[in-house]
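S.K.: next input, structure requested:
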Amino acid sequence: MEQKIQHTIDELLKHNITRNEAVSRLLCLNNVMPSLLSFKERREKLKLSLRDVAKETGVSPATISRIERGNECDFGNAKALDDWYSSNEA
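M.R.: Residues are numbered from 1 along each chain as shown. Next up, the predicted model:
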């Protein structure tokens, strides 16, 4: 399994993306992390603005917006958001 993961990361790296982006894509593709698009639903359920979440997580509102739209994201930012949402959902 580890060899397959490394192969997938190596393939992704051929597309001029960083290792962090490759790992993020791999995790999303394999459902290791919840869908990035669900972040918007989670934020709206808590009735919070992008700025509210940014203050709590340290991730900029512009980055949160990009992540919610499904654009490339840094694994650390996605994990910070997921961790924060997980600890603040009912």
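
S.K.: only C-alpha atoms from now on, for both contacts and neighbour counts.
M.R.: Noted.

S.K.: for the helix or strand harbouring residue 79, packing partners?
M.R.: In the assignment (DSSP states H and E), residue 79 maps to helix 75-88. On a contact count with 3 or more CA pairs under 8 Å, 6 or more residues apart in numbering; DSSP states H and E, helix 75-88 meets helix 19-29, helix 38-45, helix 50-57.

S.K.: can you check what angle separates it from helix 50-57?
M.R.: 90 degrees (axes from the mean of the first three to the mean of the last three CA atoms, to 10 degrees).

S.K.: tell me what angle helix 75-88 forms with helix 38-45.
M.R.: Computed with the same axes, to 10 degrees, the direction of helix 75-88 lies at 40 degrees from that of helix 38-45.

S.K.: helix 75-88 - what's its average pLDDT?
M.R.: Mean pLDDT, helix 75-88: 85.

S.K.: and it, what's buried?
M.R.: 75, 77, 78, 81, 82, 85 (16 or more other CA atoms under 10 Å).

S.K.: repeat that for stretch 58-73.
M.R.: Using 16+ other CA under 10 Å as the test for burial, stretch 58-73 gives 59, 61, 63, 64, 67, 68, 72, 73.

S.K.: can you give me the end-to-end distance of it?
M.R.: This stretch, stretch 58-73, spans 15 Å end to end (CA to CA, to the nearest Å).

S.K.: mind putting the buried residues of helix 75-88 in CSV, distance to residue 50 included?
M.R.: CSV is the format used below for these (distance: CA to CA, whole Å):
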residue, distance to residue 50
75, 18
77, 14
78, 14
81, 11
82, 14
85, 13
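
S.K.: and those, which is closest to residue 44?
M.R.: residue 85 (11.1 Å; CA to CA).

S.K.: quick check: phi and psi on residue 58?
M.R.: The phi and psi torsions at residue 58 (degrees, to the nearest 10) take the values phi 80, psi 10.

S.K.: same thing with residue 69?
M.R.: phi -80, psi 0.

S.K.: how much space between it and residue 41?
M.R.: 11 Å.

S.K.: swap in residue 88?
M.R.: 13 Å.
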